[in-house]
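Novice: Quick one, fold the following:
(2 chains)
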Amino acid sequence: MAKKVALLQGNTACALGAVYAGCTFFGGYPITPSTEVAEVMSEELPKVGGKFIQMEDEIAAMASVIGASLTGAKALTATSGPGVSLKQELIGYACIAETPCVIINVMRGGPSTGMPTGPGQSDVMQARWGTHGDHAAIAVCPESCQEIFTETVRAFNLAEKYRMPVQVLFDEIVGHMRERIEFPEPGELEVIDRAAPTCAPEDYKPYDAKSDTDVPPLAAFGSEYRFHVTGLNKAADGFPTTKAELVDFEERRQIAKVECEAARADIESNEEYKCDDADVIILAYGSSARSARYAVNELREEGIKAGLFRPITLWPFPEKRVAELGKQAKAIVVPEMNLGQMIFEVERIVKSDCKLAGVNRVDGDPLTPGQIIDQVKEVL
Amino acid sequence: MAYDYEKSIRPGKLPHIWCPGCGHGIVMKGLIRAMDTCGLEKNNTALVSGIGCASRLPGYMDFCTLHTAHGRAAAFATGVKMSKPEMTVICCGGDGDGTAIGGNHFIHACRRNIDMTYVLLNNHIYGMTGGQFSPCTPTDAKASTTPYGNPDPTFDISKLAIGAGATFVARTTAFHATQIDKLIAEGIKHKGMSVIEVVDDCPTTYGRRNKFRSVVDMMKVLKETAVPVAAAAKMSAEQLEGKILTGVLYKEDKPEYCEQYKKIIDRVQGA
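Specialist: Residues are numbered from 1 along each chain as shown, chains lettered A, B, ... in the order given. Below you'll find the predicted structure:
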């Protein structure tokens, strides 16, 4: 049977991906260029018995999402950089309280109000380090409308599996672009629901980890399990503690659950295009990767062995593979619609193994293949 | 036989953090009696708070408890209630938490008329951080950040709630212990947003600085300034100067938010 296809905007694809993943709650606040996600969710959720609420501000939207998630719902919010700045307080709360949720960030420039209708990729470090305190981060970054759909589904899966907030970052270009989408059939994409506790209700402890990388099951408010949730450092039973060894164990476990080898292998996702024999690697993500792919083809025609490495999972960063590419290639070029953010992560990994150069733009126009080609030629 | 509070309290979680003479314990006991009166099921009741002394209350209570971030109780609670409307949702917290950093969430929860009960413990001060002035600190009073007296005008929380659209608003004080549970119970039974302001005392960070010689003195002030609404109706503006009205201040039946949204779902799914 032929698949259902449509010409859809990226933001619409995101909302439909969320519904496919089983999202039943959206708490939002209007902000360009993400608003269409909220608009489509307001239309789609009642159809499946889900709830849409437009809250009084960005912080409240994030709060409502965490509250809804604690009742067992798969919950979503969508915003842009300024909204994510406001949500940081409660992204941290979702981290420490280990509450699954998905945050869409349709990226524009900044700082502050910046250029609301222009594209940007300047929130990639915010996605990693935005909230205060030590914490793990999972962020994915699709480059096309189809991939927005599938990565939104994957973001829900990762949120549910690792019990934490997951951010989906795409720049305004991808968010507002229209492309052909093939809708996966129900069951075609994996959909993961959070693990439910199996113990007796009186024995349930919401943070009872079996190992230092374990993700304990999360019960739902309103079920037979009754528990306490707090943003304070807490013990396995969920109640506040200041005992040094318990605080230390929990802080480290909540990072290790994402950054241990097994989790990284599960969470990381990259695309490699003509990297095998490449002398120069263009490391790009989001819409910049589309220009980079074009640049690779042009450079190859000119006899320059270029390849594209595209992290689809931005966080955790694909450290192992980037380190290998740094040893293989003469140079890595990092095009970004910011003034250099992910390039520092690349530098941290490859050190001085190869040359490193950025291609940067923050004027509201996309990076062109020509700009990338020029930089590749200069660095080689 | 003495009333059994312990059936509602989590084993091993007491003693609480509150100072001797603090009114929060009186309010917690009132809340326990009210929840008991309403026959609330532990598994089906969420107690949601923000940050501050009063916001530690849910941690002691054997229900589904959510100790959120500073000021955010009403916003978290809205997500809980909206997602699972069959649950009873009760917020509690202090005046700084609820009307300063959480003021926006508070007024919009009132505006939506979502079916929650917000017990606001108004002790006129930020107690946990050591006694800084809040939007409810009386003008000219001393706080750690108003060493020369408080220049700010104050919020009237109950008026704020009524103005914002809450459909059940009541006020009492920590002195009027038996009225606390009656008003909270009425609030829980009310369909829609109910706000119960309990005017409370903080002997440690407010009383000391404002020349209250003892907790008894603070309680006397609560007793003497409280005027039941019925009595107030017969008093002149002059007589009411400096008094606080107690009892049910406002009650109205209006469409409740989750029910309204349910109608949308039914309409969309029926179409």
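Novice: Confirm for me that A:Met164 is in contact with A:Ala94.
Specialist: Yes. A:Met164 is in contact with A:Ala94 according to Cβ atoms under 8 Å; the separation is 6.6 Å. The way it works is simple: take the backbone N, C-alpha and C, and place the C-beta from them, glycine included.
Novice: what residues do these two have in common as contacts?
Specialist: Counting by Cβ atoms under 8 Å, 6 or more residues apart in numbering or on different chains, the shared contacts of A:Met164 and A:Ala94 are A:Pro100.
Novice: helix or strand for the closest residue to chain A within the stretch 151-271 of chain B, which one?
Specialist: Going by Cβ to the nearest Cβ, chain A is nearest to B:Val268 of the stretch 151-271 of chain B, at 4.1 Å. Following DSSP states H and E, one finds B:Val268 within helix B:257-270.
Novice: quick check: mean pLDDT across that helix?
Specialist: Per-residue pLDDT over helix B:257-270 has a mean of 98.
Novice: Now it: buried residues?
Specialist: Neighbour-count burial for helix B:257-270, counted by 16 or more other Cβ atoms under 10 Å in any protein chain shown, picks out B:Tyr257, B:Cys258, B:Tyr261, B:Ile265.
Novice: Distance of the second one relative to A:Ile372?
Specialist: In this case it means B:Cys258. 52 Å (Cβ to Cβ, to the nearest Å).
Novice: and what of the last one?
Specialist: Spatial separation of B:Ile265 from A:Ile372 under the definition Cβ to Cβ is 49 Å.
Novice: And the helices in the stretch 201-350 of chain A, which stretches?
Specialist: A:244-259, A:261-267, A:287-301, A:319-328, A:342-350 (DSSP state H, counting those that start in this stretch).
Novice: Kindly reformat those as CSV containing distance to A:Gly307.
Specialist: Output for those, formatted as CSV (distance: least, Cβ to Cβ, whole Å):
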stretch, distance to A:Gly307
helix A:244-259, 26
helix A:261-267, 22
helix A:287-301, 6
helix A:319-328, 8
helix A:342-350, 14
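Novice: Looking at the ones you listed, which is nearest to B:Lys220?
Specialist: Closest to B:Lys220 of these is helix A:244-259 (Cβ to Cβ; 43.4 Å).
Novice: Okay, buried residues for the closest one please.
Specialist: Under 16+ other Cβ under 10 Å, the buried positions of helix A:244-259 are A:Val247, A:Phe249, A:Glu250, A:Arg253, A:Gln254, A:Ile255, A:Ala256, A:Lys257, A:Val258, A:Glu259.
Novice: Format the residues you listed as a markdown table; extra columns: distance to B:Pro20 and pLDDT.
Specialist: Formatted as a markdown table, those follow (distance: Cβ to Cβ, whole Å; pLDDT from 0 to 100):
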| residue | distance to B:Pro20 | pLDDT |
| --- | --- | --- |
| A:Val247 | 29 | 98 |
| A:Phe249 | 35 | 98 |
| A:Glu250 | 32 | 97 |
| A:Arg253 | 38 | 98 |
| A:Gln254 | 37 | 98 |
| A:Ile255 | 41 | 98 |
| A:Ala256 | 43 | 98 |
| A:Lys257 | 42 | 98 |
| A:Val258 | 45 | 98 |
| A:Glu259 | 46 | 98 |
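Novice: Tell me how many other residues surround residue 96.
Specialist: By default, I'm working from chain A. 21 (other Cβ atoms under 10 Å in any protein chain shown).
Novice: Switch to chain B, please.
Specialist: Considering only other Cβ under 10 Å, B:Gly96 is surrounded by 31 other residues.
Novice: same deal with the one 5 residues further on?
Specialist: Other residues near B:Ile101 number 20, with proximity taken as other Cβ under 10 Å.
Novice: for chain A, what are the low-confidence residue spans?
Specialist: Where chain A drops to pLDDT under 70, the residues are A:1.
Novice: For chain B, give me its nearest residue in it.
Specialist: Per Cβ to the nearest Cβ, A:Gly67 is where chain A lies closest to chain B, at 2.7 Å.
Novice: Does that residue touch B:Arg72 like I think?
Specialist: No. Taking contacts as Cβ under 8 Å, A:Gly67 lies outside contact range of B:Arg72: 9.2 Å.
Novice: Following the chain onward from the one helix or strand A:Thr77 maps to, which element is next?
Specialist: If you go by DSSP H and E, A:Thr77 is part of strand A:74-79. Where DSSP H and E defines the elements, the next helix or strand beyond strand A:74-79 is helix A:81-96.
Novice: Check the offset of that next one from the chain's centre.
Specialist: 13 Å (Cα atoms, centre = their mean, to the nearest Å).
Novice: returning to what we had before: just say which of the helices of the stretch 201-350 of chain A is most tucked in.
Specialist: Most buried of those by mean neighbour count (mean count of other Cβ atoms under 10 Å in any protein chain shown) is helix A:287-301; its value is a mean of 21.
Novice: wait, what's in contact with residue 82?
Specialist: Using chain A. So A:Pro82 contacts A:Ile31, A:Glu58, A:Gly110, A:Ser112, A:Thr113, A:Gly114 (Cβ under 8 Å, 6+ apart).
Novice: Actually, chain B is the one I wanted.
Specialist: Applying Cβ under 8 Å, 6+ apart, the residues near B:Met82 are A:Phe25, A:Lys51, A:Ile53, A:Ser64, A:Ala68, B:Ile114, B:Tyr257, B:Cys258, B:Tyr261.
Novice: Excluding chain neighbours, what is closest to A:Tyr207?
Specialist: A:Ala236 (4.9 Å; Cβ to Cβ, 6 or more residues apart in numbering or on different chains).
Novice: how deep is the one you found tucked in, by neighbour count?
Specialist: 15.
Novice: Distance check, it against A:Glu250.
Specialist: Relative to A:Glu250, and taking Cβ to Cβ, A:Ala236 is found at 8 Å.
Novice: Overlap in contacts, these two.
Specialist: By Cβ under 8 Å, 6+ apart, the residues touching both A:Ala236 and A:Glu250 are A:Tyr207.
Novice: State whether A:Gln146 and A:Glu179 are indeed in contact, as I suppose.
Specialist: Yes. With contacts counted by Cβ under 8 Å, A:Gln146 reaches A:Glu179, the gap being 6.7 Å.
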